[in-house]
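[1] curious how this folds, go ahead:
(one chain, ligands or ions: 1)
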Amino acid sequence: VATFAVFDPATRLTREYWISLAPGLQRIEVEIGSGDGKFLVEAALQHPTSLFVGFEVSAGSVARVLRRSPPPNALIKQLDGRWVVEHVLADRTIDAYHVYFPDPWWKKRHAKRRLFSGEFAQALRRTLVPGGSLYLLTDVETRYREIESVLAESGFAAFAWERSANSAAQSSYERKYRAQGRSVWGARFAPA
Ligand SMILES: C[S@@+](CC[C@H](N)C(=O)[O-])C[C@H]1O[C@@H](n2cnc3c(N)ncnc32)[C@H](O)[C@@H]1O
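    Below you'll find the predicted structure:
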């Protein structure tokens, strides 16, 4: 699992492709915006038969994760996760998506940089396996409501979900906001 295929947008990567990267893999989970990789690495350590693939646009963050020698079932790649989901992944490939504290891009002129759009929601739905889920956390309530409604338009329902406060697999922002006692909004989303 140490290497990573070169993406060709004309050839979507199937579940079989990801499963074949290492013996014994049973689940493929994708994190978009992995930051310093705390969730990605800890989740991979906790679930050795799952492959965790992180897509992160910041080269510095990706380099910092790689310097920490992640386990072989944690991959991180400097790519726009939205582009990967929309154009690279085959249908019914991913068991779970994780999106923790996506950048809010407050300014109206930056709105198109926001992760969640109708196209992205459709692509999430297309690429999830039956029974798959998207796990989302954000510290911005209005953004949570917007994401919930974009996902609802693509047929996702929200289910109550909260990670245990003593789980090692918390993202850095999750841990920081929890320590500060800050409100966090989140849910597990699955096709209704
Ligand atoms: C606020 S940080 C949160 C990092 C981490 N998820 C956490 O909870 O600690 C948001 C991260 O998402 C990354 N990001 C934003 N848009 C992205 C995209 N379209 N694809 C991949 N990474 C993205 C940013 O570079 C940044 O590292």
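[2] quick one, strands of this structure?
    Secondary structure of the chain (DSSP state E): strands at 27-32, 50-55, 74-77, 94-100, 128-138, 156-159, 185-191.
[3] can you pull the residues of this protein lying near the ligand?
    For the chain, the contact set with the ligand under C-beta under 6 Å from any ligand atom comprises 32-35, 55-58, 61, 80-82, 100-103, 115, 171-174. Every C-beta, even on glycine, is put in place using the N, C-alpha and C of the backbone.
[4] now, which of those lie within helices?
    Among those, the ones falling in helices (DSSP state H) are 61, 81-82, 172-174.
[5] who wins for neighbours among these?
    Highest neighbour count within these: Gly81, with 24 neighbours (other C-beta atoms under 10 Å).
[6] ok, that residue touching Ile32?
    Yes: judged on C-beta atoms under 8 Å, Gly81 makes contact with Ile32 at a distance of 3.2 Å.
[7] can you list residues touching both of these two?
    Counting by C-beta atoms under 8 Å, 6 or more residues apart in numbering, the contacts common to Gly81 and Ile32 are 55, 115.
[8] so who does Tyr97 touch?
    29-32, 85, 124, 128, 132-135.
[9] about what we covered before: how about TSV for the strands of the chain, with mean pLDDT added?
    Shown next, in TSV, are the strands of the chain (pLDDT from 0 to 100):
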stretch	mean pLDDT
strand 27-32	98
strand 50-55	98
strand 74-77	96
strand 94-100	98
strand 128-138	98
strand 156-159	98
strand 185-191	97
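[10] now these as a markdown table including distance to Asn166?
    Formatted as a markdown table, the strands of the chain follow (distance: least, C-beta to C-beta, whole Å):
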| stretch | distance to Asn166 |
| --- | --- |
| strand 27-32 | 21 |
| strand 50-55 | 20 |
| strand 74-77 | 21 |
| strand 94-100 | 17 |
| strand 128-138 | 16 |
| strand 156-159 | 22 |
| strand 185-191 | 17 |
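[11] compare the ones you listed and report which one is nearest to Arg67.
    In terms of C-beta to C-beta, the element of the strands of the chain nearest to Arg67 is strand 74-77, at 11.1 Å.
[12] what comes into contact with the closest one?
    Contacts with strand 74-77, where a contact means C-beta under 8 Å, 6+ apart, come from 1, 4, 34, 37, 40-41, 43-44, 51-56, 62, 65-66, 70.
[13] need the residue closest to the centroid of this structure.
    When C-alpha atoms, centre = their mean is applied to the chain, the residue found nearest the centroid is Glu31 (2.3 Å).
[14] isn't it right next to Gly54, touching?
    Yes: using C-beta under 8 Å, Glu31 is in contact with Gly54, at 4.5 Å.
[15] so what sits against both of these two?
    Common neighbours of Glu31 and Gly54 (C-beta under 8 Å, 6+ apart) are Leu40.
[16] need the longest helix for the chain.
    Ordering each helix of the chain by length in residues (DSSP H) puts helix 141-153 first.
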